[in-house]
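Colleague: please work out how this folds:
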Amino acid sequence: MTNTSIAFIMAGRRQRRRRWILVTSILALLSLALCCAMLLLGTTFYSVKDVLRVLMGEELQGVSFAINTVRLPRMLAGLFAGFAFGIAGNTFQTMLRNPLANPNVIGITAGSSAAAVFCILILHANSTVVSVASVIAGLATVLIIYLLSRGKIFSIGRLILIGIGIQAMLDSVISYLLLVGAQQDIPAAFRWLTGSLNGVQLYELPPLIITVLIFSPLLVVLGKHLSLLELGEQSATTLGVNTDMTRIALILSAVFLVALATATTGPIAFVAFLSGPIAKRLVGVGFSNVIPAGLVGVCLVLASDLMGQFAFETRFPVGIITGILGAPYLIFLLFRMNRKGDL
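Modeller: Numbers count the residues shown, from 1 in each chain. Now for the predicted structure:
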């Protein structure tokens with residue numbers, strides 16, 4: 001390889017790095033701006049000065065209650081759940097080399113939701129029990145899907161098809177629970193089905209925040225192996241990747257993120273599905289897509305929640321807005337994959 005070729009390759013790498021840094025910085029600033037908007041906007045508009053005084057611990061009549069009880073928990077839930085859904089969805093899509101392979105489509109969020117709805121309607125459990133059951137059910141669901149799809153040789157197509165079948169079964173279980181559940185518990189259960197930031201309390205957030213702070217860096221570290229898995233099973237093995245152990249670590253990390261986010265906000269539709277492809281379009285190829293995908297997830301959740309609160313005469317949960325945004329993209333993706341012969 002000549003010096004000219006090396007210089008050309010290095011110049012291209014520097015250009016891709018600058019693009020990654022620029023896009024990631026813009027997404028981070030946009031996320032910060034949306035977080036500020038979540039704290040400032042509401043039935044009553046509060047100044048930046050008043051919000052900062054409350055966040056510093058000062059008591060202001062009316063303002064403290066609105067910020068500490070309503071707006072701050074709502075903002076933090078959207079921030080960490082959006083990042084969790086975005087990074088987990090990107091992990092599944094990249095690892096399985098298929099844009100359809102996200103937690104919503106292959107049944108993982110359905111498993112967590114079914115457990116949460118069962119605890120709410122049948123056991124009348126508190127939020128702690130609901131969160132624990134959601135995590136366990138999410139792990140159990142992904143374990144069942146993985147084992148059924150493995151066979152003699154791991155198959156991505158088999159995993160997706162089995163996941164879709166498991167999701168359909170769990171959706172039927174959820175429908176049955178809604179039919180037999182007590183009428184007064186139905187509104188709380190519907191939260192898990194639509195995805196909402198309404199009613200989130202500060203004491204419910206530590207498990208989600210801790211999970212994101214633990215598993216997000218792990219997925220960032222594993223980002224290099226994730227990119228190698230995208231090349232295929234044989235290529236990754238040839239390059240020295242222990243595919244089974246790496247895949248298990250990636251799946252467990254992503255499932256914990258999805259399960260805790262679902263336990264906190266419900267399965268917010270299409271965030272995990274949209275974040276990875278949007279981030280990939282923005283940052284291009286050559287560098288890890290993990291952090292940008294998480295930031296896109298944050299922007300989608302917070303922007304959709306603001307739209308649901310203020311863009312219409314009636315207030316809508318965030319999951320309805322993200323569903324409206326994501327459904328056309330899913331149809332477009334299916335048509336494009338059909339034309340390419342991937343379906």
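
Colleague: buried stuff in stretch 166-174?
Modeller: Neighbour-count burial for stretch 166-174, with 16 or more other CB atoms under 10 Å as criterion, is recorded at 166, 167, 170, 173, 174. Every residue, glycine included, has its C-beta placed from N, CA and C.

Colleague: mind checking the end-to-end distance for stretch 119-129?
Modeller: Distance across stretch 119-129, first residue to last, is 8 Å (CA to CA, to the nearest Å).

Colleague: what does that stretch contact?
Modeller: 130, 133, 177-178, 180-182, 185-186, 188-189, 192, 204 (CB atoms under 8 Å, 6 or more residues apart in numbering).

Colleague: cool, stretch 205-222 as well?
Modeller: 73, 76-77, 80-81, 83-84, 87, 91, 131, 226, 246, 249-250, 253-254, 256-257, 260-261, 263-264, 288, 290-291, 294.

Colleague: only alpha carbons, please: show that stretch as PDB.
Modeller: In PDB, the C-alpha atoms belonging to stretch 205-222 read as follows (Å, rounded to 0.1, in the frame of the first residue of the first chain):
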ATOM      1  CA  LEU A 205     -36.600   6.000  38.800                       C
ATOM      2  CA  PRO A 206     -33.400   4.800  40.600                       C
ATOM      3  CA  PRO A 207     -33.600   1.200  39.200                       C
ATOM      4  CA  LEU A 208     -33.800   2.500  35.600                       C
ATOM      5  CA  ILE A 209     -31.100   5.100  36.100                       C
ATOM      6  CA  ILE A 210     -28.700   2.600  37.700                       C
ATOM      7  CA  THR A 211     -29.300   0.100  34.900                       C
ATOM      8  CA  VAL A 212     -28.600   2.700  32.200                       C
ATOM      9  CA  LEU A 213     -25.400   3.800  34.000                       C
ATOM     10  CA  ILE A 214     -24.200   0.200  34.300                       C
ATOM     11  CA  PHE A 215     -25.100  -1.400  31.000                       C
ATOM     12  CA  SER A 216     -24.800   1.600  28.600                       C
ATOM     13  CA  PRO A 217     -21.000   1.800  29.100                       C
ATOM     14  CA  LEU A 218     -20.800  -2.000  28.700                       C
ATOM     15  CA  LEU A 219     -22.600  -1.800  25.300                       C
ATOM     16  CA  VAL A 220     -20.200   1.100  24.300                       C
ATOM     17  CA  VAL A 221     -17.200  -1.100  25.200                       C
ATOM     18  CA  LEU A 222     -18.700  -4.000  23.300                       C
END
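
Colleague: so how far is the lengthiest helix in the chain off the chain centroid?
Modeller: Assignment by DSSP state H gives helix 3-40 as the longest helix of the chain. On the basis of CA atoms, centre = their mean, to the nearest Å, the separation between the geometric centre of helix 3-40 and that of its chain is 21 Å.

Colleague: so what does that helix touch, helix or strand wise?
Modeller: The contact analysis (3 or more CB pairs under 8 Å, 6 or more residues apart in numbering; DSSP states H and E) places helix 3-40 against helix 48-55, helix 72-95, helix 271-283, helix 290-310.

Colleague: buried deepest among those, which one?
Modeller: helix 72-95 (a mean of 28; mean count of other CB atoms under 10 Å).

Colleague: give me the contact list for whichever helix or strand comes after that helix.
Modeller: Toward the C-terminus, helix 72-95 is succeeded by helix 108-118 as the next helix or strand (DSSP states H and E). Contacts to helix 108-118, defined as CB under 8 Å, 6+ apart, come from residues 103, 130, 133-138, 140-142, 145, 163, 166-167, 170-171, 173-174, 177-178, 181, 189, 192-193, 255, 258-259, 262-263, 266-267, 272.
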